[in-house]
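In: 3D model of this:
(4 chains)
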Amino acid sequence: MHSVSVKNLSLNFGAVSVLKTMNLDVEEGEFVVLLGPSGCGKSTLLNCLAGLLDISAGEIWIKGKNVTWAEPSERGIGMVFQSYALYPQMTVRGNLTFGLTIAGLPKDEIEKRVARAAEILQIGPLLDRKPGALSGGQRQRVAIGRALVRDVDVFLFDEPLSNLDAKLRSELRVEIKRLHNQLGNTMVYVTHDQIEALTLADRIAVMKGGVIQQLADPHTIYNKPTNLFVAGFIGSPTMNFLHGKAIDGGTAFQFGDHRIDLSGYDGGAVGNREAAVLGLRPEHITVHATAPAGPSLPAEVEIDENLGADSLLWLKLDGQSVCVRVPVEGRLPSGTKVHLGLDIAKASLFDAASEQRI
Amino acid sequence: MTAMSSASTVTPNGAKPKPMFAPGRVLIYTLLIVTSIYYLIPLYVMVITSLKDLDQIREGNIFIPTMKPTFDAWIKAWSAACTGLNCTGLAPGFWNSVFITIPSVIVSIAVASISGYTLANWPFKFAEWCFTILLVGSFIPYQVFLYPLVIITREMGIYSTLYAVIFVHTVFGLPILTLLFRNYFASLPEELFKAARVDGAGYWRIFFNVLMPMSLPIFSVAVILQVTGIWNDFLFGVIYAGPTNYPMTVQLNNIVNSLQGVKEYNVEMAATILTGLVPLTIYFLSGKYFVRGIAAGAVKG
Amino acid sequence: MSEVKRPNPLFRNLTAKLAASPMIFIVLVVFIGSTIWTVASSFTGIKTLPIFTPQEFYDNWVGWDQYVRLWNTPRWITSITNLAIYGVLYSGFAFIIGFLLAVLMDQKIRAEGVFRTIYLYPFALSFIVTGKVWAWILNPAFGLEKTVRDLGWASFSFDWLTNRDMSIYTVVIAGLWQGSGLVMALMLAGLRSIDDEIWHAARVDGIPKWRTYLQIVVPMMRPVMITIFVIVASGSVRVYDLVLALTQGGPGNSSQVPSMYIYEKLFVGALAQGTAASSVLLLATAIILVPWIIVEFGKKSRS
Amino acid sequence: MKLTKLAFALCASVALPIMAQATELEVTHWWTSGGEAAAVAEFAKAFDATGNKWVDGAIAGSGDVARPIIISRILGGNPMGATQLNPGKDADDLIAAGLMQDLTELATAEDWATILRPKSQMDSCTLDGKVYCVPVNLHSGQWMWTNRKVYEDAGIAPPQNWAEMIAAAPALKEKGIIPLSLAEGWPIGLLTEDLIVAIAGVDNYVAVYQDRNMEMARGAEFAAVFKAIDEARQIIDPKTVVPQWNDAVALVIQGKAAANVMGDWAGGEFAVAGMVAGTDYDCLPGLGVEPVLGTGGDVFYFPKSEDPEVTKAQLAMASMMVTKEVQVAFNLKKGSLPMRADVDLSAANDCMKKGLEILDNGTKVFPNNSQMLDRDSLNQINDVMKEFFSDLTITPEAAQEQFAAIIEAAPK
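Out: Purely as a prediction, here's the structure:
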């Protein structure tokens, strides 16, 4: 039994198709992140799961129940919003107990749950304050607490950290991870921040245009992106794309005048292709003064960006810009001629027409 | 940001304060005072006239203050001016106006706020079409509706009762109030509404427990607009409320519009001020909330 | 508990639909019903008593006669012209005066509450009162003109109230006195909803204050402008009591407005003529407003 | 006691025994000034004496304000017990719709046709041979009022007719006196009709208004009328046009204006100001040209009721209104002429007596305009005349043609 299961879900606003025949299964206790650029439908999907939007077709199952047409509160979900969405006129306690009171829970049970949430989230001293008197981080904690007291199996997070500053964001990120470890609930988490996605998720669903492009664990998403979009969306700086063609029965990649041997490629049958894209992450390229053994390309240094732990080298390669992550070894002046060593085993090769990984 | 904090951000944000007597300041205050005089002159004329006796009015200039102020006109307007055979002044109509105004204000605001809430948070196509028609309808002269409303209220079985006049005020208050409420509720964070739904709150609980406590500003605007409009209404009160419920404006009309006899301008003016006293008081007391509420309701669309 | 079948969309959010039913009832029965009745009646020859059954309409049907008469009536043409003059001037000046007053009020002045109350109080008074008082002040025989002459300017003349070319403008003056305070309040609220940062940015960019107001702040106040437009425009189409109390539509018919014509005809035994005039106003309003409303309000609803 | 006797007489004449309990009848009217209210009080007193109760429903502001309210109330099914309404065509639709109480039986029993005069007034209450309203008084609109002192101060003999008034105008104007005061709105229409009667003559007036003689309406007699109106508008400074008729009369009383054309109700204003007819002011019926009298007047209708008690009380009220005592008391207060010839009016003032004299002669009495033309057409004529007065670029010929066109289009 899946914890959350989306079957052939689609959603149209008039003639506009927002979600297209979507399928998604989330396991019990799993942390799934919906990741994508704004407008990709990730928040919309979450709202559908929560029952805040009526879907056009398909089914939604939560904990083995068809909840497609159930009220949000009947679905066994808790939800945390980007803007916290705390009721301004109620105290923190009032915010936590509002839903429980509606559900008609006995008083002592409510007390118990509030106490537990307060302990877990360390918001005990804030219980009698109003949201207006809380800091951003505190508000977000209360917002999580409101989902927590519902004692539900599935937590839905709608970009819960976007309104926080960078430092607080990373702190709360860790805390959410800890919370997940501690509670073991199923969590569906929407974000456009790939760091959040990669750090938090058991599995990431990368979305674009109302379609899940790839659903996999962070490692796979990062290393074996299923198509050009995922490859380009994940990773910072983004993956380098070399446009060329696959030749010699797929054993080599021709890039301009250069021939790159593909024998080490970890993928499907390549074959000859008129237009192909070779994707290489910045850390999968090495920089050498002379041509190294294995596949390599000559290039010229443009900018050397020192990031502290490592450097980003921006190079020119046949008029194309390439970024490489290298250990800090003194600055390379602009114009230095170098050779790039390519780790083909970790590269991704895409068909240029279908944009799919080969 | 929560809506409460947004509603209270009515603070000046023009230039920084400058010394009182800088040339620019002097110009600003001069302009403000000159325009104030334009706005105050009619009130001044009304008050001065109401304090004169008829001879002073006939001889004098309307702008010249009286040396011998008398409240006779006020007393007559309140308790002795005649409406046909009933020489009871405005006083008896006052309570009728109160009994018409209070329920009409409550019902019209209830209907409009719920309609605005539905349009903002639970929209459905049909309701939105209705709203469009309502807005167009707000441009039709009232008089066009008089006969149809007589028939409608007759068929509803409420013609010539308090219910009919409440209904009519609800009808005519609906367009602009619904617009205000709809804009206001749409300006509240949508996530708050979603959070409440996840918490299991239904249509009414969200309205009463979540949104209404945040909506004091817009409700105060609605109350001010409706009290003013309904209190000043003559036509609907006299046509739909039935003779036992005639509002104060009927007596005012009788005092002001009497064709024959000597025109008692002082009594007319006193009666006018007395009738306008309720809405005027509300404006004087709550002008600040009115501006705040407008800021919250009309500004964000 | 598990609902597999899609519920009937008609009953989805049933409470919301039920709660909106008073509005729907009012729209369908009062607004649409009255409109249909008005338009249908305008093709009949009915006089004093309204009619409601199809048979009665059939018996009284006269086709376009009422409209022919309407557009051959000089008074109606004058009324329509005056409505255009009044509507444009009243709306325009209400916007300008309201905006200027709001800007003045926004300069961190002292006693803001006093000034606001002064500008706003006329709105609490009815149009009848407004008209009566201004008729008095503007009357050449004992109002402003006489006062100024008594003060020594013997040649001073301000006879707009009794001058057929100028009388409609006195209605504008009185109307503005009554309504511009409300526009000021709305504008002030709009000004104060503008983020402080906009002002800072403009100052950093060295943009003069008046340009900041006109080119940056005003465009940002779009929603409040729309609300003001609805209030001001619907007010000017409906203007009735004010003209009646101020000029009675005179001198001659020079300051007549359509709602006076409509009201008179509805209740002096020319009901169908009144409904024909109403229908013209309705049609004009619909042509101007409906596309605008659909664009303006349609896009903002949440879906 | 007199009133008890009166009540008894009423019971007998109606032949309907009045029940012991009082029936409350709400009466709507637009008589709210001092004199009018005093007149209404006479009705109320007499009606209460019949064992019923008069509930006053006054709505000021002339028929324009009251009419929608009255018609709405009748239409809405909550009619008043009785209501003032303009006689003639105004009520025809309501009668046709069966909403008005038929008074024929009472009128026949009391022989109204004989005791009430003139016939034209009874006619306006009669539709298809049935009587639906009670005429309570006679008003005439064809009077010119002049302030003698103003003329004497200017060294001019007080004019005795329209032409003399016009002739005196330039001299008065020089002295800063308004030769003819005028009020905005319907008084302009009244002045027009008065000039038609005075200049074209009663017969031609009736020929055009009642018989729709279009040749006459476009002919020379009426051209002379429009010429006279043209003269009148030339001497009137638009700045001196006042909002209401009583303001115009007040100008004459105060000596700021020399003359005004208004109905007999203006006499009340002079009386209130303590002026004496014949010494302080002159009242000239038919504008001094021809002693004539229009016979407009006030009437009461009784909306039909389901309740037989109410119907009974309505009939009692109708009967009460035409009794001798009530007619005298009411009309003395109202300043109008009684419907009955067989009453003693020694208390009447000079102007009233002039009117009574004309009425008794019966020769120069003619129907009121609202008995001949529908109100819509009358309003249209008003519109034309208001424009003609205020816009000097309109020629008399053009105004006459517009006038004729309205007469032509008016429903019969």
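
In: ok, now how distant is the closest residue to chain C within the stretch 1-150 of chain B from A:Gly99?
Out: Chain C sits closest to B:Trp122 of the stretch 1-150 of chain B, with a gap of 3.5 Å, by CB to the nearest CB. Bear in mind the C-beta positions are built from the backbone N, C-alpha and C, glycine included. B:Trp122 sits 19 Å away from A:Gly99, going by CB to CB, to the nearest Å.

In: Looking at those two, which one has more neighbours?
Out: Per other CB atoms under 10 Å in any protein chain shown, whichever of B:Trp122 and A:Gly99 has more neighbours is A:Gly99, with 23 against 20.

In: I'd assumed B:Gly200 was in contact with that one.
Out: Yes. With contact defined as CB atoms under 8 Å, A:Gly99 counts as touching B:Gly200 (5.3 Å).

In: so what sits against both of these two?
Out: A:Ser73 (CB atoms under 8 Å, 6 or more residues apart in numbering or on different chains).

In: before we move on, the earlier item: spatially, what comes nearest to the residue of the stretch 1-150 of chain B closest to chain C if we skip its sequence neighbours?
Out: Counting by CB to CB, 6 or more residues apart in numbering or on different chains, C:Ala16 is the residue found nearest to B:Trp122 once chain neighbours are left out, at 3.5 Å.

In: Contacts only, for that neighbour.
Out: Contacts for C:Ala16 (CB under 8 Å, 6+ apart) come out as B:118, B:122, B:124, B:203.

In: can I assume the second one is in contact with C:Leu18?
Out: No. In this structure, B:Trp122 is not within contact of C:Leu18 by CB under 8 Å, at 10.8 Å.

In: thinking B:Ser113 is in contact with B:Phe219, fair?
Out: Yes. The criterion here is CB under 8 Å, and B:Ser113 meets it with B:Phe219 at 7.2 Å.

In: How many neighbouring residues does whichever residue of chain C sits closest to chain B have?
Out: For chain C and chain B, the shortest gap (CB to the nearest CB) falls at C:Pro223, measuring 3.0 Å. Number of residues near C:Pro223 (other CB under 10 Å) recorded here: 19.

In: D:Asp211 now?
Out: With neighbours defined by other CB under 10 Å, the count for D:Asp211 comes to 10.

In: show me what contacts residue 267?
Out: Went with chain A since none was named. Applying CB under 8 Å, 6+ apart to A:Gly267 gives the contacts A:348-349, A:357-358.

In: my bad, chain C
Out: C:274, D:64, D:67-68, D:71.

In: sorry, back to before: who wins on neighbours among the contacts of A:Gly267?
Out: Neighbour-wise, the contacts of A:Gly267 (other CB under 10 Å) top out at A:Ser348, 25 neighbours.

In: Where does the nearest residue in space to that residue that is not next to it in sequence sit, in terms of helix or strand?
Out: Nearest residue to A:Ser348 in three dimensions, chain neighbours excluded: A:Gly279, at 4.2 Å (CB to CB, 6+ apart). Counting by DSSP states H and E, the element that carries A:Gly279 is strand A:273-280.

In: other SSEs contacting that strand?
Out: helix A:228-233, strand A:240-247, strand A:252-255, strand A:348-351 (3 or more CB pairs under 8 Å, 6 or more residues apart in numbering or on different chains; DSSP states H and E).

In: what about the last one, distance to the chain center?
Out: Going by CA atoms, centre = their mean, to the nearest Å, the spacing between the C-alpha centre of strand A:348-351 and its chain's C-alpha centre is 21 Å.

In: ok, and what's touching it?
Out: Residues outside strand A:348-351 that contact it (CB under 8 Å, 6+ apart) are A:224-225, A:227-228, A:231, A:239, A:246, A:253, A:262, A:265, A:267, A:270, A:273, A:275-280, A:356-358.

In: what about burial for the residues you listed, which qualify?
Out: Neighbour counting by 16 or more other CB atoms under 10 Å in any protein chain shown classes A:224-225, A:227-228, A:231, A:239, A:246, A:253, A:262, A:265, A:267, A:270, A:273, A:276-280, A:357-358 among the contacts of strand A:348-351 as buried.

In: list the contacts for the residue of the stretch 101-250 of chain D at minimum distance from chain C?
Out: When scored by CB to the nearest CB, the stretch 101-250 of chain D has D:Glu184 as its residue closest to chain C, at 4.4 Å. With contacts defined as CB under 8 Å, 6+ apart, D:Glu184 is in contact with C:247-248, C:250-251, D:241-244, D:386.
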